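[1] My questions concern the predicted model and sequence given below.
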Amino acid sequence: MAEKEVPIRVLMAKPGLDGHDRGAKIVTKALMNAGMEVIYTGRHQTIDQIVAAAVQEDVDVIGLSILSGSHLYYSRRLIEALKERGITDKLVIVGGVIPRRDIPALKELGVAEVFPEGSSLDEIVDYLKKNVRKAEG
């Protein structure tokens, strides 16, 4: 039986009090246009809400969109919450207003990739297509 491509499932989340979500919505639309299934949680999500949604929706990727400067805090909390629950099969990516000097620290925490302000939509799509391979037999 031939393998059938299964769409990459992405949870896009805005943690904390950051209310600016235009970038998250643009990335969500680009991922959907690329054939991915995207669940956008909306603004002002807690880490527990994000993890619960990721599990409930059985996503492959959790994307945090952070413009408030709290990227290290929320990324650390998300990675810790996933580990506490024994969840190891979700790729975590972070985008937004991220100083380049913080990228190594985010990756050390366990973030797979960081897309700072100015990253292209094609770059994000290509990264996910190369790093999340799914096939259903």
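    That came through, no problem.

[2] Centre-most residue in the chain?
    For the chain, the residue lying nearest the average C-alpha position, counting by Cα atoms, centre = their mean, turns out to be residue 63 (1.2 Å).

[3] Need the contact partners of the helix or strand harbouring that one.
    Assignment of secondary structure by DSSP states H and E places residue 63 within strand 61-66. For strand 61-66, contacts defined as Cβ atoms under 8 Å, 6 or more residues apart in numbering pick out 8-16, 18, 21, 23-24, 27, 50, 54, 71, 74-75, 78, 90-98, 128, 132. Placement of C-beta: from N, CA and C, glycine included.

[4] Next secondary structure after it?
    For strand 61-66, the following helix or strand on the C-terminal side (DSSP H and E) is helix 71-84.

[5] same for that next one, what does it pack against?
    Helix 71-84 is packed against helix 47-56, strand 61-66, strand 91-96, helix 103-109, with contacts defined by 3 or more Cβ pairs under 8 Å, 6 or more residues apart in numbering; DSSP states H and E.

[6] Kindly recompute the last result at 6 Å.
    Other helices and strands packing on helix 71-84, by 3 or more Cβ pairs under 6 Å, 6 or more residues apart in numbering; DSSP states H and E, are helix 47-56, helix 103-109.
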